[in-house]
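**Q** Pasting the sequence and the predicted model now:
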Amino acid sequence: MSKVLVIGAGGVGSVAVHKMAMSKDVFSHITLASRRIHKCDAVAASVKQRTGVTIGTAELDADDVSATVALIKAVQPQLVVNLALPYQDLAIMDACLEAGVNYLDTANYEPRDEAKFEYSWQWAYQDRFKEAGLMALLGCGFDPGVTSVFTSYTHKHLLDAIDTLDILDCNGGDHGHPFATNFNPEINIREVTAPSRHWENGQWVEGPALAQKQTFDFDQVGPRNMYLMYHEELESLAKFYPEIKRIRFWMTFGDSYLKHLEVLQNVGMTRIDPVMFEGREIIPLQFLKALLPEPSSLGPTTRGKTNIGTIATGEKNGEQKTFYVNNVCDHEAAYAETGSQAVSYTTGVPAMIGAALMLTGQWKGAGVFNMEQLDPDPFMDMLNQHGLPWQVKELPSPLAF
Ligand code: NDP
């Protein structure tokens, strides 16, 4: 009997709950709570129709710690899976500590009034979770999440030591809109417009946003332009693998997306400071979010594939080697299975897998953990079983870019 409480009924929450319902042996009772109950009820209806499983639903403002504690006490889950927004991370961690329950999320905390995310706020919970004998698992999506596990798998099985690591995130999908984001637009645009940052020889190297570009030929997608960016797993990978000399993150963007983003930035629509409009304050980026298509509405129209993976170089038995570990996920297949496109699918499936490993005790511990600290093998097995199969390919060494 394992009970789970999932918070957040967006694209990722919907996929995670569908996949949990498909693994009834592990998730015997599922409750989905979110800011607006009708979103939870719509997911519950889809889960019932696709899997026959009935899940519980509840309305919750997770910024309100006492409300979350009350819901946890009513539901009595062994684990809270936070698939709301990064702004809620600390409030939900506080509620888990107060109610005495384990915690999992997919994105690190970010304050609302500053486009800045880092692990320091959540790593500061280490002692409190440890003393309470509880586990908090951070960043259990695809990137961060699977990319961190690909790295620990490479470290455990393929290379004696990693010298350089590149994370390549390609969304080769086309949703048919001139401009839309595949996950929460506010979070996505804050991430993409931030300065680039990568780890090199023990320090962070900063540059302007989207200024460094490479073309890479992605399996089952084709050649795409990818841009150097900062991404949250770089921080934990640099901490837990101090021997890696250079860690970079690359994401593909199409020319239309970049053209729209540039204009929106130039006219001030991506600002996150309040602006007076007709006698009241508005945040331009939140207003823009209201105009853009909801990511969950992109499912029916999105065609093509995502291809996300890690390329690591290093030594194996004294010889230099380069290994590419990656997953290719089809938007239409993801939609047919869960009603959500591949960006939500590639995040919701790892969240379900992490939750399953915690509930079955295969991943356990007291304190705050990042994905690369845990044994990659059961997670890698479950990726193959639950819709995100991966491949390992040896590339010519050294890497061409
Ligand atoms: P969505 O915006 O689609 O969904 C977020 C959900 O959280 C919405 O249902 C929203 O409610 C709900 N919510 C927002 N605020 C609150 C609150 N105060 N209390 C309760 N519920 C709330 O986002 P996604 O599903 O795309 O993303 C979910 C999370 O996954 C985000 O943190 C995102 O950063 C992360 N992510 C991680 C990735 C990874 O690879 N690691 C990749 C993609 C996303 P409402 O519908 O009413 O607005």
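**A** The structure has been received and is ready for your questions.
**Q** So what's the gap between the helix or strand residue 227 falls within and the chain middle?
**A** Per DSSP states H and E: residue 227 is located in strand 222-229. In terms of Cα atoms, centre = their mean, to the nearest Å, the centre of strand 222-229 is found 19 Å from the chain centre.
**Q** Just list what that strand packs against, helices and strands only.
**A** Contacting strand 222-229 under the criterion 3 or more Cβ pairs under 8 Å, 6 or more residues apart in numbering; DSSP states H and E are the following elements: strand 161-171, strand 196-200, strand 213-218, strand 246-252. The C-beta positions use only the backbone N, C-alpha and C, and glycine is treated the same way.
**Q** following it, which helix or strand shows up next?
**A** Following strand 222-229 toward the C-terminus (DSSP H and E): helix 233-240.
**Q** what residues does the stretch 201-350 of the chain put near the ligand?
**A** In this structure, the stretch 201-350 of the chain approaches the ligand at residues 295-296, 344, 347, judged by Cβ under 6 Å from any ligand atom.
**Q** Of those, which is the most crowded?
**A** Comparing those by number of neighbours (other Cβ atoms under 10 Å), residue 344 comes first, having 29 neighbours.
**Q** Check the gap between that residue and residue 136 for me.
**A** 23 Å (Cβ to Cβ, to the nearest Å).
**Q** and if you look at residue 9?
**A** From residue 9 to residue 136 the distance is 22 Å (Cβ to Cβ).
**Q** I'd like to know which helix or strand in this protein has the lowest mean pLDDT.
**A** Counting by mean pLDDT, DSSP states H and E, the chain has its least confident helix or strand at helix 185-192, which shows a mean of 86.
**Q** what's next to stretch 257-276, contact-wise?
**A** 112-115, 178-179, 189-190, 192-193, 210, 281-285, 287-288 (Cβ atoms under 8 Å, 6 or more residues apart in numbering).
**Q** Same question for stretch 368-376.
**A** So stretch 368-376 is in contact with 119, 122-123, 125-126, 129, 135-140, 144-145, 148-153, 156, 236-237, 239-241, 354, 357, 362-363, 365, 379, going by Cβ under 8 Å, 6+ apart.
**Q** Let's see that with 7 Å instead.
**A** 122-123, 125-126, 129, 135-140, 144-145, 148-149, 151-153, 156, 236-237, 240, 363 (Cβ atoms under 7 Å, 6 or more residues apart in numbering).
**Q** hmm, which of the residues you listed are the buried ones?
**A** Neighbour-count burial (16 or more other Cβ atoms under 10 Å) applied to these gives 122-123, 125, 129, 135-140, 144-145, 148-149, 151-153, 236-237, 240, 363.
**Q** so of these, which ones are in helices?
**A** Among the buried ones among the contacts of stretch 368-376, DSSP state H puts 122-123, 129, 148-149, 151-153, 236-237, 240 in helices.
**Q** From these, pick the one nearest the ligand.
**A** residue 148 (9.6 Å; Cβ to the nearest ligand atom).
**Q** returning to that earlier point: what about the least confident helix or strand of the chain and the ligand, touching?
**A** Yes. Helix 185-192 comes into contact with the ligand (Cβ under 6 Å from any ligand atom), by way of residue 187.
**Q** tell me which strands and helices that helix is in contact with?
**A** helix 284-291 (3 or more Cβ pairs under 7 Å, 6 or more residues apart in numbering; DSSP states H and E).
**Q** tilt between the helix it packs on and helix 185-192?
**A** 130 degrees (axes from the mean of the first three to the mean of the last three Cα atoms, to 10 degrees).
**Q** Okay, buried residues for helix 284-291 please.
**A** Those would be 284-285, 288-289, for helix 284-291 by 16+ other Cβ under 10 Å.
**Q** And the residues you listed, which two are furthest apart?
**A** Farthest apart among these by Cβ to Cβ are 284 and 289. That separation is 9.8 Å.
**Q** rewinding a little: can you put the ones in helices among the buried ones among the contacts of stretch 368-376 in JSON lines and add pLDDT?
**A** JSON lines is the format used below for those (pLDDT from 0 to 100):
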{"residue": "122", "pLDDT": "97"}
{"residue": "123", "pLDDT": "97"}
{"residue": "129", "pLDDT": "98"}
{"residue": "148", "pLDDT": "98"}
{"residue": "149", "pLDDT": "98"}
{"residue": "151", "pLDDT": "98"}
{"residue": "152", "pLDDT": "98"}
{"residue": "153", "pLDDT": "98"}
{"residue": "236", "pLDDT": "97"}
{"residue": "237", "pLDDT": "98"}
{"residue": "240", "pLDDT": "97"}
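**Q** ok, which pair from those residues is furthest apart?
**A** Between all members of those, the farthest pair (by Cβ to Cβ) comes out as 129 and 153, at 25.4 Å.
**Q** Please name the residues that touch the closest residue to the ligand within the stretch 101-250 of the chain.
**A** Relative to the ligand, the nearest point of the stretch 101-250 of the chain is residue 141 (2.3 Å; Cβ to the nearest ligand atom). Counting by Cβ under 7 Å, 6+ apart, residue 141 touches 106-107, 347, 350-351.
**Q** Fine, thanks again, bye for now.
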